[in-house]
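Q: After the sequence you'll find the predicted model.
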Amino acid sequence: MTRKLVFILFLLAGHALAETAAFDPATNVLTVPSVQIDSQLYSTTQVALPTDGKWSVVGIGTAAATPTTDTAVFDLNTQVLTVPSLRVGPRLYSTTQVALPADGQWAAVSIGAERAATTSNTLSQGACWDIPPGTTCSQYDSAQKCTSYTTTQGTKTPLVVSPTTIAANTHEPLTLAIGGGTPPYNVTSSRNAVASVGSVEQSNNPCQASANISTLVAGEAIITVTDSAGKQVSATLTVSDIQVPPFAVSPTTVTTRMGEPITLNIVGGKPPYRVSSSREFVAYPDSGTYNSTTPSGYAPQAEAMVRTRNSGVATITVSDANGNQKTVAVTVSDLQFGVSPTAATARSGEPIKITIAGGRPPYLLSTSNSFIAYPDSGIYETAMTWVEATIRTRSPGATIITINDADGHQTAVAITVTR
């Protein structure tokens with residue numbers, strides 16, 4: 001490797017950033033916290049990697065003494081820079097290699113796998129910056145050699161937590177958003193009996209995380225976030241007991257027709273709820289047990305579906321886990337018995353379709369003159385609330401098709417047959 005390249009890489013050292021290596025897509029600048037060249041360690045390295053393929057020096061700095069887990073290594077023999085961890089925008093990647101040959105034509109050798117978010121109570125991460133510190137060239141001579149440098153101390157992102165004031169019910173899961181500062185973050189509760197801190201989960205952005213909080217009993221607790229630099233922010237959490245309404249079921253009285261479902265609304269009490277019928281032949285619940293459909297931390301409630309089978313009365317009983325009971329009086333009536341059409345005309349040999357609905361099957365069909373017209377079948381069974389019957393025509397004339405249901409209700413169709 002030429003002395004020129006070694007000299008250039010030496011100039012790339014700068015103020016150490018307490019964060020992983022980062023590539024800024026907006027400026028095409030790669031910044032690493034520290035770099036080792038041969039046996040010498042240098043602080044922040046900044047290299048421009050533009051799309052035209054020619055890399056160049058952006059920042060310079062001083063020699064460093066102690067390597068870290070994020071220290072990059074430049075191999076003088078292969079002219080390859082190996083970065084243990086790389087941040088590109090909000091995403092993190094494992095070991096990545098970039099070729100930086102003396103001719104200035106850089107190339108990506110390998111890109112590491114994207115890192116998944118970690119789950120723990122503390123997270124290992126360096127300081128977060130709004131404006132990273134470093135040194136940039138402010139003046140070049142005619143040979144494009146830098147003759148003057150400007151050093152900036154940078155601006156750190158302040159440690160924040162959101163929201164800072166929270167009101168919640170007992171057993172209501174909460175999430176606090178954490179950002180900035182200097183990870184790792186440690187999250188604690190002033191009263192673990194009221195609210196306890198679960199895991200802290202890092203997002204794809206290294207400077208953003210979330211803390212999971214469990215609310216246990218009524219009271220007040222202060223949730224404190226401390227970063228590795230000792231900075232602290234806090235959120236005030238007020239936990240209240242769930243205001244459970246009295247156990248109730250509505251409606252309490254239902255009148256409906258056979259085959260029509262009934263929806264019961266159950267609120268309050270203590271789930272699970274048990275639903276039963278005094279006469280399942282008349283009406284019965286879809287399920288014997290119903291759990292609350294509301295999330296943890298909210299008043300319980302559920303919907304129970306009751307099916308109607310036959311005419312009559314039944315009592316639906318709803319019980320909660322504490323043994324409280326409510327009843328619903330259900331009256332099921334027959335659907336109005338009828339036939340459509342009530343009169344029909346057809347040519348001889350042409351079939352006639354009639355629809356029988358309501359009442360209670362089976363339906364019995366008969367004709368006053370089978371020489372003129374007659375039903376396909378004398379008995380029609382159905383599990384539904386209606387059935388279609390076929391009337392066959394023979395000779396010109398008029399006849400009456402009589403229909404009776406199982407309860408003795410009667411209706412009729414006037415049939416006229418033409419040539």
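A: Arrived safely.
Q: what about the stretch 51-200 of the chain, any weak spots by pLDDT?
A: For the stretch 51-200 of the chain, the stretches flagged by pLDDT under 70 are 59-65, 89-91, 114-126, 130-138, 140-154.
Q: Touching, Arg279 and Ile316? I think so.
A: No: contact criterion C-beta atoms under 8 Å: Arg279 and Ile316 do not qualify, at 9.7 Å. The way it works is simple: take the backbone N, C-alpha and C, and place the C-beta from them, glycine included.
Q: Of these two, which one has the most company?
A: The neighbour comparison of Arg279 against Ile316 (other C-beta atoms under 10 Å) goes to Ile316, with 24 against 16.
Q: and the gap between the residue lying closest to that one once chain neighbours are set aside and Ala321?
A: Distances taken as C-beta to C-beta, 6 or more residues apart in numbering place Val328 nearest to Ile316, at 4.2 Å, with adjacent residues excluded. For Val328, the distance to Ala321 (C-beta to C-beta, to the nearest Å) stands at 19 Å.
Q: hang on, the earlier thing: neighbours of the residue nearest to Ile316, how many?
A: Neighbourhood size, Val328 [other C-beta under 10 Å]: 22.
Q: Pull the contacting residues for it.
A: Val328 makes contact with 249, 251-254, 262, 264, 306, 315-318 under the criterion C-beta atoms under 8 Å, 6 or more residues apart in numbering.
Q: Of those residues, select the buried ones using a PyMOL command.
A: The following PyMOL line selects those of those that are buried, judged by 16 or more other C-beta atoms under 10 Å:
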select buried, resi 249+254+262+264+306+316+318
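Q: From the contacts of Val328, pick the one nearest Arg419.
A: For the contacts of Val328, the closest approach to Arg419 (C-beta to C-beta) belongs to Ile262, at 52.4 Å.
Q: Verify the contact between that closest one and Thr252 for me.
A: No: in this structure Ile262 lies outside contact range of Thr252 using C-beta under 8 Å: 11.8 Å.
Q: mind listing what Arg392 touches?
A: Counting by C-beta under 8 Å, 6+ apart, Arg392 touches 351, 373-376.
Q: That one is in what secondary structure piece?
A: Using DSSP states H and E, Arg392 sits within strand 386-393.
Q: Met384 contacts Met258, doesn't it?
A: No: Met384 is beyond contact range of Met258, at 10.4 Å (criterion: C-beta under 8 Å).
Q: Of those two, which one has the most company?
A: Taking other C-beta under 10 Å, Met384 and Met258 do not tie; Met258 has more neighbours (19 against 8).
Q: Show the pLDDT at that one.
A: If you check Met258, the pLDDT there is 81.
Q: So if we follow the domain assignment, how does this structure break up?
A: For the chain, automatic domain parsing gives the domain ranges 3-115, 160-240, 248-333, 336-418.
Q: Which element, helix or strand, includes Asn322?
A: Following DSSP H and E, one finds Asn322 outside all helices and strands.
Q: And for it, the neighbour number?
A: Neighbourhood size, Asn322 [other C-beta under 10 Å]: 9.
Q: Touching, it and Lys270? I think so.
A: Yes: with contact defined as C-beta under 8 Å, Asn322 counts as touching Lys270 (4.9 Å).
Q: which SS class is Glu303?
A: Classification of Glu303 using DSSP: H, G, I helix; E, B strand; the rest coil returns strand.
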